[in-house]
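S.K.: Got a sequence here, can you build the structure:
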Amino acid sequence: MYLQSRLSNEHLILEPLQQEDFVELYAVASDPLIWEQHPNPDRYKEDVFTTYFEGAMASGGAFLVRDLGSGRAIGGTRFYDLLPDQGEVKIGYTFFSRACWGTSINRQVKTLMLDHAFTRLERVVFHVGALNIRSRKAMQKLGASQIGEEQVAYYGEPAKTNVVFLMTREAWLNR
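M.R.: Below is the predicted model of the structure:
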């Protein structure tokens, strides 16, 4: 499975993240309220976001999410930890501008990514910060099952408690 295929629908495009996207993506990420429920609430700071961005580039599966109507960057997300022998990949590190909150943007992005993942894989795992109620509710609305908690060390950051959600190909296709 190629992790950075361009994915799109009539409203959005997920473009493979490039080094030159830093300024545009940081302009979205610099809003402190985006990160208030996140395990690393300081990610709006440029030096902290730089570490996040380095991890995104190193993952080989990161995307800049762009609104097709305006052409503007509205967030980022990524595939990571691909385990082809186990038929599994993770989706996460997702954030959107506050203008996207309460809209269908997250569902559209996850739909594009899940549809792509399930062309080849059987399982998608999501890590969500334990205190990130907004994202936990989004996972439940998507139909993912909560399967536990674990300590997750984000790239260049200390480990924090995350809730683990699972979506199987079968569950996705039968939703």
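S.K.: and P41, how many neighbours?
M.R.: For P41, the count of nearby residues is 16 (other C-beta atoms under 10 Å). Yep, even glycine has a C-beta here, placed from its N, CA and C like the rest.
S.K.: Show me the shaky parts of the chain.
M.R.: Low-confidence segments of the chain, defined by pLDDT under 70, are located at 1.
S.K.: just the strands in it please.
M.R.: Counting by DSSP state E, the chain has strands at residues 7-8, 12-16, 62-67, 73-83, 88-96, 123-129, 145-153, 159-168.
S.K.: Show me the one of the ones you listed that comes nearest A27.
M.R.: Across the strands of the chain, A27 has its closest neighbour in strand 73-83 (7.2 Å, C-beta to C-beta).
S.K.: CA-only coordinates of the closest one in PDB, if you can.
M.R.: Extracted in PDB, the C-alpha atoms of strand 73-83 (Å, rounded to 0.1, in the frame of the first residue of the first chain):
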ATOM      1  CA  ALA A  73      -4.900  24.500   3.800                       C
ATOM      2  CA  ILE A  74      -7.300  23.500   6.500                       C
ATOM      3  CA  GLY A  75      -5.300  20.900   8.400                       C
ATOM      4  CA  GLY A  76      -3.100  17.800   8.400                       C
ATOM      5  CA  THR A  77      -3.300  14.100   9.000                       C
ATOM      6  CA  ARG A  78      -1.200  11.000   8.300                       C
ATOM      7  CA  PHE A  79      -0.900   7.300   7.900                       C
ATOM      8  CA  TYR A  80       1.800   5.800  10.100                       C
ATOM      9  CA  ASP A  81       3.200   2.600  11.400                       C
ATOM     10  CA  LEU A  82       2.300   0.500   8.400                       C
ATOM     11  CA  LEU A  83       2.400  -3.300   9.200                       C
END
